[in-house]
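Q: Quick one: sequence plus predicted model below, questions after.
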Amino acid sequence: MPELPEVEITARRLDAALRGAEVESALAPGMVALKSVAVPLGALAGRRIEGVRRIGKMPVVEFADAGEGSGPLSLLVHLMSAGRLQVFEKRASLRDRASRVLIRIADGRELRLREFGTRQRAWAKLMPAADLAGDEMVATLGPEAWPAPPLDELARIVDAPRQLHPLLRDQREIAGIGRSWVDEVLWEARLGPFRKGSDLEPDEVERLHSALAVLGAALDHYEEVIGATVPDKLPMPLKVHRREGEPCPRCGVTLAAVHFAEHSTTYCPAEQTGGRVLKDRRLSRLLK
Ligand SMILES: [Zn+2]
């Protein structure tokens, strides 16, 4: 699933490609992908794209006022695990089953929300720009994980009797981190995934705060290696996530992992859990 660095680079490249472009028409071949009810997609025809940005893990496409007091519009997109938002030089065949939302640009290009796999989970929601901040998916977000919130704010967020692994992925607490980057952040901070936030010492909270810089470093990496078009599969600069069995890039000890039903967390037993290898205590262990 694209997380903060991946969605940010996507938004930057889309912004560079589409800012000022005029929309010819828009349609949603994957009807379930369209959540908007208040504003129909047809309202985009003739509008200019004002920009593309990111909120948490969600891209937002902004459309200019169409005159007659109609007001600017925002398209909030949730990519879920397999969605991609990309510009194509040519229009998609309507038989492309991956297409969820198509925004046709007057110059012949097309902004396409596609989703790989059979499940339709990615969605988009068109709304007046003035309503975006109050939308439940936006209003409930915690502060952005990058740039990192102030140390005291992060300290308040983690001061909860919850394990760090789910806590840091909870978008209502801090926005932008998912299953991949949580492993990297915790490894950078040398903190175990199942440590409880409220058990952290002040210096550990400081390490966690500093570790959020990996998100910015990933973005720097993408700026260097990604051209005008973001590929389907990004070259994620992950050091530990899904590298179970490989040596820790810092200390050389073999990385270990805990597997859940749909995801796993990788960590360095020497540096993050005081030498302990965490047990798979979940049902998933029985199903493997
Ligand atoms: Zn290590």
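A: Good, I have the coordinates.
Q: What segments of the stretch 51-200 of the chain are helices?
A: For the stretch 51-200 of the chain, the helices defined by DSSP state H, counting those that start in this stretch occupy 136-139, 151-158, 164-169, 179-189.
Q: Comparing those helices, which comes out most buried?
A: Mean neighbour count (mean count of other C-beta atoms under 10 Å) peaks for helix 179-189 among the helices of the stretch 51-200 of the chain, with a mean of 23. All C-beta spots, glycine's among them, are computed from the backbone N, C-alpha and C.
Q: Outside of the top helix by length along the chain itself, list whatever touches it.
A: Once the chain is assigned using DSSP state H, the helix that runs over the most residues is helix 4-18. Identification of contacts with helix 4-18 by C-beta atoms under 8 Å, 6 or more residues apart in numbering yields 2, 49, 51-54, 56-61, 79, 84-87, 105, 109, 111, 144-146, 175-177, 181, 215-216, 218-219, 222-223, 226, 228-230, 234, 236.
Q: pLDDT averaged over it, what's the number?
A: On average, the pLDDT along helix 4-18 is 98.
Q: With stretch 82-100 instead?
A: 87.
Q: before we move on, what about stretch 176-188?
A: 98.
Q: switch to numbering from 11
A: New numbering, starting at 11: the last item is stretch 186-198.
Q: Show me where the chain has its strands.
A: Here the chain has its strands, by DSSP state E, at 33-37, 59-65, 68-73, 83-88, 93-98, 109-115, 120-125, 133-138, 266-269, 274-277.
Q: Strand partners (parallel or antiparallel) of the third one?
A: It stands for strand 68-73. Here strand 68-73 has these sheet partners by DSSP bridges: strand 59-65 (antiparallel), strand 83-88 (antiparallel).
Q: Now render those as TSV, adding mean neighbour count and distance to the ion.
A: Formatted as TSV, these follow (neighbours: other C-beta atoms under 10 Å; distance: least, C-beta to the ion, whole Å):
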stretch	mean neighbour count	distance to the ion
strand 59-65	20	32
strand 83-88	23	35
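Q: can you put these in JSON lines and add mean pLDDT and distance to residue 108?
A: Output for the strands paired with strand 68-73, formatted as JSON lines (pLDDT from 0 to 100; distance: least, C-beta to C-beta, whole Å):
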{"stretch": "strand 59-65", "mean pLDDT": "98", "distance to residue 108": "20"}
{"stretch": "strand 83-88", "mean pLDDT": "96", "distance to residue 108": "15"}
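Q: can you put those in TSV and add distance to residue 30?
A: Listed next are the strands paired with strand 68-73 as TSV, based on distance: least, C-beta to C-beta, whole Å:
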stretch	distance to residue 30
strand 59-65	7
strand 83-88	16
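Q: so which of the helices of the stretch 61-210 of the chain gets nearest the ion?
A: helix 189-199 (7.6 Å; C-beta to the ion).
Q: Report the distance from the closest one to the chain centre.
A: Helix 189-199 sits 14 Å away from the centroid of its parent chain (C-alpha atoms, centre = their mean, to the nearest Å).
Q: Ok, stretch 14-24 next?
A: That offset, for stretch 14-24, works out to 9 Å (C-alpha atoms, centre = their mean).
Q: C-alpha coordinates for it, PDB please?
A: Output of stretch 14-24 as PDB, limited to C-alpha atoms (Å, rounded to 0.1, in the frame of the first residue of the first chain):
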ATOM      1  CA  LEU A  14       3.300   8.900   2.900                       C
ATOM      2  CA  PRO A  15       6.600   9.000   0.800                       C
ATOM      3  CA  GLU A  16       5.000   7.100  -2.100                       C
ATOM      4  CA  VAL A  17       1.800   9.200  -2.200                       C
ATOM      5  CA  GLU A  18       3.800  12.400  -1.800                       C
ATOM      6  CA  ILE A  19       6.100  11.700  -4.800                       C
ATOM      7  CA  THR A  20       3.000  10.600  -6.800                       C
ATOM      8  CA  ALA A  21       1.200  13.900  -5.900                       C
ATOM      9  CA  ARG A  22       4.300  16.000  -6.800                       C
ATOM     10  CA  ARG A  23       4.700  14.300 -10.200                       C
ATOM     11  CA  LEU A  24       1.000  14.600 -10.900                       C
END
